[in-house]
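A.B. asks: quick one, what's the 3D model for this:
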Amino acid sequence: MASTITLLLITLPLTFSLPTYSHHCPQLAPESTRSDSNPITSPHPQFLHLINAYLQNADQIIQSKTQLTADFFPRRVFQTLTPGVVNLNATMRIKARVSGKNLGDLGNSRFRIYGGTRGGVGSTIWWKLSGFWDSRSGRVCMVGSEPVRRFGDDRVDLAGGVVLRLNYPMNSTIESSLVTGSLEILDLEGKKSDRFRPIQVLGFAMSNYEHDGVEGVIESQSERNGCGKASNGSLSLDRNTDCFDVVKMSDAFELKNVSLNDEVLGRFMSMNMIGCYDHRMMRVVFRFSNASCVHNGYLQDFDPGRVIVADGTWNADLSGICFVGCRVLGFEGSVLNASIGDCSYRFSFVFPSALTIRSRSAIDGLLWTNKSVTETGYSDKIGISSYGLKPMGLSRVRYEYTEFERAGRYCTRKVVNDGKEYPDRYSSDLKFPVKVKNSKGHETPGHANPLFVDSQIIVLGSPAALPKKTRLLNVSYQITFTPLDEFKFGSLSFCKEELSISAEGILDLQTGLLCMVGCRKSFNISEPLDCEISVSVQFPAPNSNKGESIKGTIKSERDRKDPLYFEGLELSATSIPKHDVIEYIWRMDLEITMVLISSTLVCIFVVLQLFHVKKHPDVLPFISLVMLVSLTLDHMIPLLLNFKAIVSHRSRRDILFRNDAWLEVDEVLVRVITMVAFLLKCRLLQLAWLSRGSGESHKTAWIAEKKVICWFFPVFVGGALVACLLHPWGSTAQSRFFHRQIVSPWVDLKSYAGLVLDCFLLPQIMFNVFSDSKEKALSPPYYFGTTLVRLMPHLYDLFRAHSSVLKLDLWYIYVNPKLNYYSTSWDIVISCCGLLFAFVVFLQQRLGGRGILPRRLKERFAYEKVPVASSC
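C.D. replies: The predicted structure follows:
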């Protein structure tokens with residue numbers, strides 16, 4: 001064996017070698033010795049960073065339906081003996097963003113009480129790299145071994161390592177800010193792999209950026225073309241406003257009257273910020289597309305041919321923002337040859353002071369070129385309006401209601417309730433997820449988000465500070481659908497990530513009835529805005545029965561022959577009132593506490609039993625090994641299954657808590673206590689096993705144990721088979737907040753195993769009967785205490801069933817009432833049986849193992865010849 005290991009160690013370097021810098025980077029950035037072993041502070045913010053860089057050929061290593069991008073950032077920087085050359089330790093990451101459809105799946109099955117969408121990263125590969133950067137030439141060369149971390153299902157063999165080569169300038173302006181390079185995959189011998197083409201990289205430099213007179217160009221444009229000049233209905237920016245405040249308003253836009261044949265521009269545009277400088281200067285990338293399936297923000301694809309990189313600044317009177325933009329050119333053959341040019345594009349943005357149902361744009365603007373009509377690439381002024389409101393950026397904007405009178409005619413007034421208001425005007429109950437069903441039965445998830453209540457802006461994630469107590473409130477909403485598959489909306493089939501309906505109307509707090517007029521934009525540019533839509537929503541009363549949900553409709557008020565007419569849509573959602581959330585959190589805290597108490601008590605009772613057997617070692621052979629093995633497995637299996645049996649459904653608890661570090665601490669505590677209990681039980685099992693010697697005096701105990709096994713095993717297996725056979729009659733579980741789900745047979749087996757453990761004393765009782773033991777093998781604190789710990793979940797289930805309505809049942813820590821053997825009848829039966837078994841053990845240890853049996857059974861055992869070896 002030793003010789004084999006030695007041979008492997010000798011031959012391993014011949015089959016695999018780490019990439020060396022001198023072999024792969026001899027002519028790029030010169031290799032040099034560090035002048036100091038301590039890293040230095042980065043000379044510039046975001047020094048040598050790349051964020052969301054464009055990639056070509058990356059689909060060789062990650063298969064993804066969404067675009068792959070790369071991030072690069074140094075971790076440590078060292079000075080070297082060569083002037084201008086620094087040594088770098090850096091991280092390279094290639095990632096696939098989670099698509100909008102995947103985010104929509106979450107909306108279909110889970111509710112986010114505190115609102116807001118959660119972005120995510122799909123398949124990801126990380127490398128740690130080391131190498132050098134020559135600030136004079138701007139060349140970077142770095143090498144790395146196999147990936148240090150991987151997420152996703154892609155498992156392409158990348159064990160040979162990589163070489164990263166970049167051209168990253170020391171100083172950059174808008175025309176010299178491109179970063180290009182390649183990532184080369186190596187084979188196991190450290191040579192260029194024949195299986196992979198080099199992955200080409202294109203991004204924008206982020207450090208030591210100079211605007212190079214762009215501000216003067218913008219000021220001249222402002223004087224000639226009115227760039228950024230606010231109209232009478234626009235806001236003036238505060239002098240403390242910076243570019244981050246602008247991005248908070250919106251980062252997604254729609255262009256008006258743009259030609260679909262334009263090679264650069266498109267109907268949809270996203271604004272992604274690269275850098276913010278001196279509060280009044282910003283650098284952004286505008287991305288364009290004609291596809292209605294494109295999502296906004298960083299989820300939008302990067303197409304070098306439809307990208308404009310731009311510098312922007314506030315104009316003199318702070319009434320708007322102006323941009324000078326340039327195209328990416330020369331990338332057709334290879335992105336390594338790309339450059340920035342054609343800086344003829346101009347953008348002007350202003351900020352409307354008021355929103356209406358027909359105009360929900362937080363930013364309006366114009367786009368044009370400074371070319372003459374006869375020049376190639378000329379573009380007249382094109383209107384821009386933002387979509388996808390971000391309420392956190394609308395603090396100074398007011399809302400003008402124009403349709404509340406018409407909205408009141410669409411709903412029939414209901415009888416006023418007992419005076420309680422609902423939904424709660426001071427809570428986040430006004431925001432709710434929706435499930436939309438059309439006339440064909442197709443469903444799509446979405447959200448209904450309030451924007452304004454009267455004049456008060458609603459900030460996502462915080463309760464509304466509403467005006468005085470009035471029965472009727474003016475409200476404005478944004479209702480969005482996120483289709484999972486093809487969803488027919490009237491005569492339209494669409495694959496757009498979000499279809500949005502702007503709505504405003506009246507909310508009656510005494511009836512919970514919301515009546516609104518809605519407007520929707522068509523994907524067909526030639527079609528007008530359709531505002532002949534009625535939306536009605538009925539909130540459930542606060543004293544409603546469990547399971548009652550929000551109901552509503554979206555209807556077209558047009559004639560059936562009208563091209564814009566569509567069949568009615570049904571809305572449904574489950575309301576989660578604030579008081580239910582508070583009750584739910586209280587229940588969670590209680591259950592976590594009970595788990596901690598139960599686990600601690602188990603350790604205490606086992607320690608007491610160990611002290612008992614230490615004081616009376618002669619009783620050890622009379623403890624049933626079957627009982628000890630079953631109790632030990634009860635703690636071993638949760639540890640092997642990564643603790644899922646104790647605290648499960650982590651993904652569901654994220655619904656309520658963005659930071660659940662406190663819950664992580666509790667999990668660690670319970671895991672540690674479970675490990676301690678497992679070790680203590682192993683020690684008790686070890687002592688009981690070693691006490692069973694091979695002598696004649698212990699033969700009776702072994703014979704009794706065999707009989708227990710012969711009796712217990714068939715009963716256990718038979719019960720498990722019955723549980724599996726009965727599975728089809730109880731194979732679904734229904735929650736108020738989740739769709740009906742198929743329950744695996746393993747869940748039934750898990751429930752049955754819990755039932756067996758509740759009867760853990762039964763093997764000891766049978767052992768006492770077969771051996772006729774009168775020894776006090778178990779201490780009363782041990783068997784009574786362990787029985788109470790096993791019965792506590794059933795007692796708690798009885799308490800919870802009769803003291804709480806359980807309106808919010810997203811997940812459970814201690815007891816899941818949806819599982820088998822948790823109901824009022826089962827709780828009573830199991831509790832009574834557990835206490836009965838403990839009392840039987842108590843009697844057996846005083847009257848003898850057969851002292852509880854009827855006289856006829858005693859006589860039968862008396863005639864049995866115990867010394868004869870028995871069999872099953």
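
A.B. asks: wait, what's in contact with the closest residue to residue 253 other than its chain neighbours?
C.D. replies: In space, residue 253 comes closest to residue 269 once its chain neighbours are excluded; the distance is 4.4 Å by Cβ to Cβ, 6 or more residues apart in numbering. Every residue, glycine included, has its C-beta placed from N, CA and C. Applying Cβ atoms under 8 Å, 6 or more residues apart in numbering, we find residue 269 in contact with 252, 253, 254, 255, 286, 287, 288, 289, 384.

A.B. asks: now do 7 Å
C.D. replies: Going by Cβ atoms under 7 Å, 6 or more residues apart in numbering, residue 269 touches 253, 255, 286, 287, 288.

A.B. asks: tell me which of those residues fall in strands.
C.D. replies: The strands, defined by DSSP state E, take in 253, 255, 286, 287, 288 from the contacts of residue 269.

A.B. asks: what's the nearest residue to the last one if we skip its chain neighbours?
C.D. replies: Spelled out, that is residue 288. residue 266 (3.8 Å).

A.B. asks: for residue 70, see how far away the one you found is.
C.D. replies: According to Cβ to Cβ, to the nearest Å, residue 266 stands 24 Å off from residue 70.

A.B. asks: now for the strand or helix carrying residue 704, which elements pack on it?
C.D. replies: According to DSSP states H and E, residue 704 maps onto helix 699-725. If you count contacts as 3 or more Cβ pairs under 7 Å, 6 or more residues apart in numbering; DSSP states H and E, helix 699-725 packs onto helix 625-640, helix 745-758, helix 762-771.

A.B. asks: which of the residues in it are buried?
C.D. replies: 700-705, 707-709, 711-712, 720, 723 (16 or more other Cβ atoms under 10 Å).

A.B. asks: for the helix ranked longest in the chain, what is the average pLDDT?
C.D. replies: Identified as the longest helix of the chain according to DSSP state H is helix 578-615. For helix 578-615, mean pLDDT rounds to 83.

A.B. asks: what angle separates that helix from helix 625-640?
C.D. replies: 140 degrees (axes from the mean of the first three to the mean of the last three Cα atoms, to 10 degrees).

A.B. asks: now for helix 578-615, which elements pack on it?
C.D. replies: Looks like helix 578-615 contacts helix 661-691, helix 780-803 (3+ Cβ pairs under 7 Å, 6+ apart).

A.B. asks: compute the first-to-last residue distance for stretch 568-586.
C.D. replies: End-to-end span of stretch 568-586 (Cα to Cα, to the nearest Å): 41 Å.

A.B. asks: and the helix or strand encompassing residue 180, what other elements does it pack with?
C.D. replies: Using DSSP H and E, residue 180 sits in strand 178-185. Under the contact criterion of 3+ Cβ pairs under 7 Å, 6+ apart, strand 178-185 touches strand 162-167, strand 199-204.

A.B. asks: and that strand, which residues are buried?
C.D. replies: 178, 179, 180, 181, 182, 183, 184, 185.

A.B. asks: have a look at the residues you listed and tell me the least confident one.
C.D. replies: Lowest confidence among the buried residues of strand 178-185: residue 185, with 88.

A.B. asks: for that residue, give the beta-bridge partners.
C.D. replies: With DSSP bridges as the criterion, residue 185 is bridged to residue 162.

A.B. asks: how close does it get to residue 68?
C.D. replies: 14 Å.

A.B. asks: then residue 211?
C.D. replies: 31 Å.

A.B. asks: the more surrounded of those two?
C.D. replies: Using other Cβ atoms under 10 Å, the more surrounded residue of residue 211 and residue 68 is residue 68, with 25 against 19.

A.B. asks: my guess is that one meets residue 62, correct?
C.D. replies: Yes - between residue 68 and residue 62 a contact is recorded at 5.8 Å, counting by Cβ atoms under 7 Å.

A.B. asks: between these two, which contacts overlap?
C.D. replies: Joint contacts of residue 68 and residue 62 (Cβ under 7 Å, 6+ apart) are 94, 96.

A.B. asks: sticking with residue 383, tell me its helix or strand.
C.D. replies: With DSSP H and E as the criterion, residue 383 is inside strand 382-386.

A.B. asks: starting from that strand, tell me which strands it pairs with and how they run.
C.D. replies: Strand 382-386 is paired, per DSSP bridges, with strand 252-255 (antiparallel), strand 364-369 (antiparallel).

A.B. asks: mind saving the C-alpha coords of stretch 130-143 as PDB?
C.D. replies: These are the backbone C-alpha positions of stretch 130-143, laid out as PDB (Å, rounded to 0.1, in the frame of the first residue of the first chain):
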ATOM      1  CA  SER A 130      -1.900  35.800  -9.400                       C
ATOM      2  CA  GLY A 131       0.300  37.900 -11.700                       C
ATOM      3  CA  PHE A 132       1.400  41.400 -12.700                       C
ATOM      4  CA  TRP A 133       0.200  44.600 -14.100                       C
ATOM      5  CA  ASP A 134       2.500  47.000 -16.000                       C
ATOM      6  CA  SER A 135       1.000  50.500 -15.600                       C
ATOM      7  CA  ARG A 136       3.100  51.900 -18.500                       C
ATOM      8  CA  SER A 137       1.700  49.500 -21.100                       C
ATOM      9  CA  GLY A 138      -1.600  48.800 -19.300                       C
ATOM     10  CA  ARG A 139      -1.100  45.000 -19.700                       C
ATOM     11  CA  VAL A 140      -2.200  42.500 -17.200                       C
ATOM     12  CA  CYS A 141      -1.300  38.900 -17.200                       C
ATOM     13  CA  MET A 142      -2.300  36.400 -14.400                       C
ATOM     14  CA  VAL A 143      -2.400  32.700 -14.000                       C
END
